[in-house]
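*Asks:* this one's structure only:
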């Protein structure tokens, strides 16, 4: 009888520890924000060009104490990097909120989906999806794990993504199939 009580106590303690670990793993994202602040992709390309120019000047000794010239953007470059679609996040399912701006930037063959000033409820297994309006989020295009629930971030879209069809940007918890927030993209 005493041995059975000891076994039950050990089992209860072990089960309690397992439940605490699993509970913490599931609930931790609700209490801890993940902040990210990625630069505009086109701005980083300009900065890289400046750094390369400065480094080249240092090697030759020609650019000592000189400010490197900023690349001049012509009308074609400005047109290529202009926002094509934009939208604003709204809250998803009850208990989950999201706010911030969504824009797309096109540079040549590359389209970047940029989240700006994002402030969303954190959660486990959050992904960013492009979905058809009225369609199921999980059947849309998965752009990958959400990099952070607060801040600015960039996602490269797959080639030939039709944003007039996949015009809904969704912060989606794959584990529980829950929309945390979404934005309807409109031509700018």
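*Replies:* Thanks, I have it. This one's a predicted model, so the numbers in the text were calculated from it and none came from an experiment.
*Asks:* okay, now residue 36: neighbour count?
*Replies:* 15 (other CB atoms under 10 Å). Using the backbone N, CA and C atoms, a C-beta is placed for each residue, glycine as well.
*Asks:* which residues of this protein fall in strands?
*Replies:* When assigned using DSSP state E, the strands of the chain occupy the ranges 35-37, 83-88, 90-91, 98-107, 110-120, 126-131, 141-145, 150-156, 168-173, 178-184, 186-187.
*Asks:* nearest to residue 13, of these?
*Replies:* Comparison of those against residue 13 by CB to CB identifies strand 168-173 as nearest, at 31.4 Å.
*Asks:* Tell me which residues touch residue 97, please.
*Replies:* The neighbourhood of residue 97, defined by CB atoms under 8 Å, 6 or more residues apart in numbering, consists of 91, 120, 121, 180, 181.
*Asks:* Also residue 109?
*Replies:* Counting by CB under 8 Å, 6+ apart, residue 109 makes contact with residue 159.
*Asks:* Distance of it relative to residue 166?
*Replies:* Summarising the geometry, the distance separating residue 109 from residue 166, computed by CB to CB, to the nearest Å, is 18 Å.
*Asks:* repeat for residue 155
*Replies:* Following CB to CB, the distance that separates residue 155 from residue 166 is 13 Å.
*Asks:* Next, count neighbours for residue 84.
*Replies:* Close neighbours of residue 84, defined as other CB under 10 Å, add up to 14.
*Asks:* unless I'm mixing things up, it is touching residue 102, no?
*Replies:* No: taking CB atoms under 8 Å as the contact criterion, residue 84 and residue 102 are not neighbours in contact, 11.6 Å apart.
*Asks:* Which one of the contacts of residue 97 is nearest to residue 23?
*Replies:* Closest to residue 23 out of these is residue 121 (18.0 Å), distances taken as CB to CB.
*Asks:* can you redo the strands of the chain as TSV with distance to residue 15?
*Replies:* Rendered in TSV, the data for those read as follows (distance: least, CB to CB, whole Å):
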stretch	distance to residue 15
strand 35-37	36
strand 83-88	46
strand 90-91	36
strand 98-107	36
strand 110-120	34
strand 126-131	29
strand 141-145	31
strand 150-156	36
strand 168-173	26
strand 178-184	27
strand 186-187	52
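*Asks:* and those, which is most packed in?
*Replies:* The densest packing among the strands of the chain, expressed as mean neighbour count by mean count of other CB atoms under 10 Å, is seen in strand 168-173 with a mean of 24.
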